[in-house]
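Novice: Curious how this folds, go ahead:
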Amino acid sequence: FPVTIPTTDFDLDNKLEIYSNLQPLATRRSYATYIKGIFKANRCPLKASIDNHFHKTTTKISDGILKEIFDALPTEQKLIMEYQAYAGERIHALSMIPLERIKDYNNKYAIIEIQHWETKARNPHICIIPIHIAKAIREICERTKRTTAFPNYRALWDGITHYASNKHGVELTSHYLRKRFHTIAGKTPMPVNSWDFLMGDKQTLGHEAQTYTLTDYTELIPEYDTYLAYRDWE
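Specialist: Numbering: from 1, shown residues only. Here you go, the predicted model:
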């Protein structure tokens, strides 16, 4: 069998890091992350460290304004808002999930099975949504002949963001609802590893939590029902 000799030549890694720190910074970091991903996909991962997270303060939108926005929207835009608010994942993963992996769990909730290649953090996990949302998504998909939940999610969210900005002067994006999910969860007694798992993030509390935490939906769903299922703005 061929022997793989670890490389000691990090010239490409160093140059990619230098490139990632050129201006305009956000663009260069994005390109550098993409290049690094190409090498990883071809089983030749680079060691370069690229920080593509730019922290931005998000202004809270009151539940009253969220409700006014929600009430004024057409049915499909309402549904995609509910979908992400309850699920907590990034909108691309939620929208492009094959319909057959949105499955009824009981008479109250459905679960969304997300594979590792479908989420940014590459962590397989589930999301939980109320059963009425799952049924509404299926009805739209049947009517429009879709095979995924919201292939038009960009257009839907562009409309929501535009309306929220023009009518109420607030910045409402799909990612705002992910942050809102995180903020609500962080104020509850729900174990952090549980809501990290639902959001598709790495479980970090405890020793190698991602590896050693047992997945048990029979506990996870009651936790969700107790702490995360209610939305004030509906």
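
Novice: Tell me the spacing between the closest residue to residue 153 other than its chain neighbours and residue 48.
Specialist: Leaving aside its sequence neighbours, residue 153 sits nearest to residue 95 (C-beta to C-beta, 6 or more residues apart in numbering; 3.9 Å). Bear in mind the C-beta positions are built from the backbone N, C-alpha and C, glycine included. In this view, residue 95 and residue 48 are 31 Å apart by C-beta to C-beta, to the nearest Å.

Novice: Does the residue nearest to residue 153 touch residue 146 like I think?
Specialist: No: assessed by C-beta atoms under 8 Å, residue 95 is found out of contact with residue 146, at 10.2 Å.

Novice: what bits of the protein have low per-residue confidence?
Specialist: Applying pLDDT under 70 to the chain picks out residues 1-8, 53-57, 202-216, 231, 233-234.

Novice: how much space between residue 197 and residue 189?
Specialist: For residue 197, the distance to residue 189 (C-beta to C-beta) stands at 16 Å.

Novice: Of the two, give the one with the bigger neighbour count.
Specialist: residue 197 (22 against 7; other C-beta atoms under 10 Å).

Novice: That one should be in a helix, yeah?
Specialist: Yes: membership of residue 197 in a helix is supported by DSSP: H, G, I helix; E, B strand; the rest coil.

Novice: I'd like to know which elements the helix or strand encompassing residue 31 is packed against.
Specialist: Assigned by DSSP states H and E, residue 31 falls within helix 25-41. Packing partners of helix 25-41 (3 or more C-beta pairs under 8 Å, 6 or more residues apart in numbering; DSSP states H and E): helix 11-20.

Novice: do you know how far the residue sitting nearest the centre point of the chain is from residue 59?
Specialist: The centre of the chain sits closest to residue 90, judged by C-alpha atoms, centre = their mean, with a distance of 2.0 Å. Using C-beta to C-beta, residue 90 is found at 20 Å from residue 59.

Novice: What of residue 25?
Specialist: Residue 25 is 23 Å from residue 59, by C-beta to C-beta.

Novice: again, but for residue 98
Specialist: As judged by C-beta to C-beta, residue 98 and residue 59 stand 35 Å apart.

Novice: how about the strands in this protein?
Specialist: Taking DSSP state E as the test, the strands found in the chain are 102-104, 109-114, 125-130.

Novice: Could you pull out the helices in this structure for me?
Specialist: 11-20, 25-41, 63-72, 75-87, 91-95, 131-144, 153-168, 174-186, 192-199, 209-212, 217-227 (DSSP state H).

Novice: Make CSV from the ones you listed and add distance to residue 102 to it.
Specialist: Below are those laid out as CSV (distance: least, C-beta to C-beta, whole Å):
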stretch, distance to residue 102
helix 11-20, 37
helix 25-41, 27
helix 63-72, 22
helix 75-87, 10
helix 91-95, 9
helix 131-144, 5
helix 153-168, 15
helix 174-186, 18
helix 192-199, 15
helix 209-212, 25
helix 217-227, 15
